[in-house]
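> Let's see this in three dimensions:
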Amino acid sequence: MASTALCVAWLSIPSVAAAQAMSDAEKIERLERQTEALQKQLKALQNEIAQTRQRTAKVEAAQATAPRAAPPPPADKGPILKAPTLAISDKVKVTLGGFIAAESVWRQRNEAADMGSSFAGIPYPFSPLYHENEFHGSARQSRISLLIEGAIDPQQKLSGYFETDFLGVGTTSNYNQSNSWAPRLRQAYGTYDDADWGFHVLAGQSWSLLTQNQTGITPRKENIPLTIDASYVVGFNYTRNWQIRFVKDFGPELSFGISVENPASIVGASTATAPAGTGGTFASGGIVNGVVTNFSNTGSSFLSTVPITTDQAPDIIEKAAFDPGWGHYEAVALQRFFNDSTLTCALGPCIAGSVGQAGTTSDRSAFGWGIGGSVLLPVIPKYLEFTGSVLYGQGIGRYGAGQLPDVTIGADGSLTPLTGLQTMIGLIGHPTEGLDVYAYAGLEQVEPKYFNSGTTLLGYGNPGFSNVGCTITTPSSFAGTTPTNCIANNRRLEDVTVGFWQNLYKGDFGRVAAGAQYEYIRRQAFAGLGGAPSTDDNIVMTSLRWYPF
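Predicted coordinates:
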């Protein structure tokens, strides 16, 4: 039995060895198959990495076509939050922005204004508004913005930007119950950028080219005061209007731009006693020295309640921006073209509004101009910045926050530009993370332009104008309307503003910032009969804003 078992065991040894050998072969085959599968997976991962790198390169190239990147603006620590973007495709991305505001304003004088002060409209003592305080709570500065960017190729880029708030006024707007404030168009424009040529085009409604930038000539990098006041600061140069802008970069340090922009004119004209047929504010035309002049269109179906001046050519603005490595510097030039139509009557004095008067119609044009510049200096990098600007010329009133007049009406009915000066300085500090403090001071003024027509005093700032009624505070003067013996042509506006923004929260749900501001404004008139009246206003504002994006 033992021998038999031994024989069986001996005979089975080759079979076990063969089975073991086959098992090893199968293992090797199995390992080879696994290795082949892993190689396929590795190749797929390598392809995916290559595709990802290609997409990343396209995005980086598209971003490189944008104007030069600016350093973070002061407001980045205060009222502005950079929103995340959503990639619609490899070439298009969308960025949402905006904030929700809960704000308040208190004024010593009742300007009948909301969050935007009327710098040139502070009431004089004759008005009951002078003796009244004013308080409003408002959410009207709440803002919505949308930025769409698309890369044509690695060097060319198209962008569109839209921005709105609720400082518009509709037919149902009121403070009584519904507070139905209308949306207002702030900005809506498209841009084209070519990185190879350093060439940029903007078309639509945007901040004027005259407005200071933080770096280069770059849309959405304007150096806007950090104020809660929606009218900003006296002396700040800006409009937001239609324009077509062309910019050329000459290396990273120098840019040059030219813009044609929608024109409009602020006309200042009055007489000493406002005799019949000569004046008031000439809001819909009037008679000057026997000449009918009409420079607005308030009777059409287009903006029937808003004066439309008869400008026949756009304003033209040029800017050179210099970024040498420390600070940002700008030089600007402005050309304007004023026009109105006059009727010189053949048979005696013209009568405003009369039809069929015999006479000669003439178009009269005048030229306005301005020169100026600005600086933005990092006095203590990351902690303290200085900004300053100046603009001087004739017919520049509309480009200042104070909105002093551009022109007055001459003896022949022509629009005569007024010489003006606008300047502003500011300090912006960042003492700690999330805290911005600011202080601004500004001035705007115009020179007089007047003449006599017989016994009638015309023009702007005439020393023969009557200002006697401006300072009367007796009950008989509380009629709520400007007395005819208070011409008080505005001569100068002065402004001092201080305030701060403090982050209360910054995290996954956006950012919440609180701000407070004090502002002092002084309004001075030209001297006339009865003296040179002046008035002022003390203003306190608060703001709580949530930036969800």
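> what ranges do the helices span in this structure?
Listed in chain order, the helices of the chain (DSSP state H) span 2-64.
> list the contacts for the residue nearest the centre of the chain?
The centroid of the chain falls nearest to residue 207 when counting by Cα atoms, centre = their mean (4.6 Å). By Cβ atoms under 8 Å, 6 or more residues apart in numbering, residue 207 lies in contact with 187, 219, 222, 224, 238, 239, 240. (Glycine included, C-beta is placed from N, CA and C.)
> now residue 181
Residues in contact with residue 181 (Cβ under 8 Å, 6+ apart) are 140, 166, 167, 168, 169, 170, 173.
> ok, 6 Å please
Contact analysis of residue 181 by Cβ atoms under 6 Å, 6 or more residues apart in numbering lists 140, 166, 173.
> And for residue 44?
Neighbour list for residue 44: empty [criterion: Cβ under 6 Å, 6+ apart].
> Could you give the number of residues near residue 231?
By the criterion of other Cβ atoms under 10 Å, residue 231 has 20 neighbours.
> rewinding a little: which one of the contacts of residue 207 sits closest to residue 548?
Comparing these against residue 548 with Cβ to Cβ places residue 187 closest, at 20.0 Å.
> how near is the residue lying closest to residue 473 once chain neighbours are set aside to residue 492?
In space, and not counting its chain neighbours, residue 473 is closest to residue 125: 4.9 Å by Cβ to Cβ, 6 or more residues apart in numbering. Per Cβ to Cβ, to the nearest Å, residue 125 is found 18 Å from residue 492.
> Could you give the number of residues near residue 336?
28.
> swap that for residue 218, sorry
For residue 218, the neighbour count with other Cβ under 10 Å is 21.
> What residues does the residue nearest to residue 394 when sequence neighbours are not counted make contact with?
Once flanking residues are discounted, residue 394 sits nearest to residue 417: 3.9 Å by Cβ to Cβ, 6+ apart. If a contact means Cβ under 6 Å, 6+ apart, then residue 417 has 366, 368, 394, 395, 407 as its contacts.
> Go again with 7 Å.
Neighbouring residues of residue 417 by Cβ atoms under 7 Å, 6 or more residues apart in numbering: 338, 366, 368, 394, 395, 406, 407.
> Longest strand in the protein, please.
The longest strand of the chain (DSSP state E) is strand 359-380.
> Can you tell me which of the contacts of residue 417 comes closest to residue 102?
residue 406 (36.6 Å).
> Give me the below-cutoff pLDDT ranges for this structure.
1-22, 50-52, 54-89, 270-308, 342-361, 453-456, 474-481 (pLDDT under 70).
> cutoff 80 now
Scanning the chain for pLDDT under 80 picks out the ranges 1-34, 36-90, 269-310, 340-364, 410-414, 451-458, 473-484.
> can you give me the strands for the stretch 351-500 of the chain?
359-380, 384-394, 407-409, 415-417, 419-429, 435-446, 449-453, 456-460, 490-507 (DSSP state E, counting those that start in this stretch).
> let me redo that: the stretch 151-300 of the chain
156-168, 182-194, 199-207, 240-250, 254-261, 286-288, 291-294.
> With distance to residue 385 as extra columns, can I get these in a markdown table?
Shown next, in a markdown table, are these (distance: least, Cβ to Cβ, whole Å):
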| stretch | distance to residue 385 |
| --- | --- |
| strand 156-168 | 24 |
| strand 182-194 | 24 |
| strand 199-207 | 19 |
| strand 240-250 | 23 |
| strand 254-261 | 20 |
| strand 286-288 | 47 |
| strand 291-294 | 47 |
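> Tell me which of these is the most buried.
Per-stretch averages of neighbours, counted by mean count of other Cβ atoms under 10 Å, single out strand 286-288 among the strands of the stretch 151-300 of the chain, with a mean of 24.
> Closest to residue 499 out of the contacts of residue 181?
residue 140 (18.7 Å).
> list the contacts for the closest residue in space to that closest one that isn't next to it in sequence?
Nearest in space to residue 140, with sequence neighbours left out and distances taken as Cβ to Cβ, 6+ apart, is residue 166 at 4.5 Å. Residues near residue 166 by Cβ under 7 Å, 6+ apart: 140, 142, 181, 182, 183, 184.
> which of those residues sit farthest apart?
142 and 182 (12.9 Å).
> one step back: indicate which one of the strands of the stretch 351-500 of the chain is closest to residue 39.
With Cβ to Cβ as the criterion, residue 39 lies closest to strand 490-507 of the strands of the stretch 351-500 of the chain, at 45.6 Å.
> ok and the closest one relative to strand 435-446, angle-wise?
Counting by axes from the mean of the first three to the mean of the last three Cα atoms, to 10 degrees, strand 490-507 lies at 160 degrees to strand 435-446.
> when you compare where strand 490-507 runs with where strand 456-460 runs, what's the angle?
Angle, strand 490-507 to strand 456-460, by the same axes, to 10 degrees: 30 degrees.
> tell me which residues in strand 490-507 are buried?
Buried residues in strand 490-507, counted by 16 or more other Cβ atoms under 10 Å: 490-495, 497-503.
> so residue 496 sits right up against residue 522, yeah?
No. Contact between residue 496 and residue 522 fails when scored by Cβ atoms under 7 Å: they sit 8.9 Å apart.
> Okay, residue 510 and residue 164: tell me how far apart.
Per Cβ to Cβ, residue 510 is found 19 Å from residue 164.
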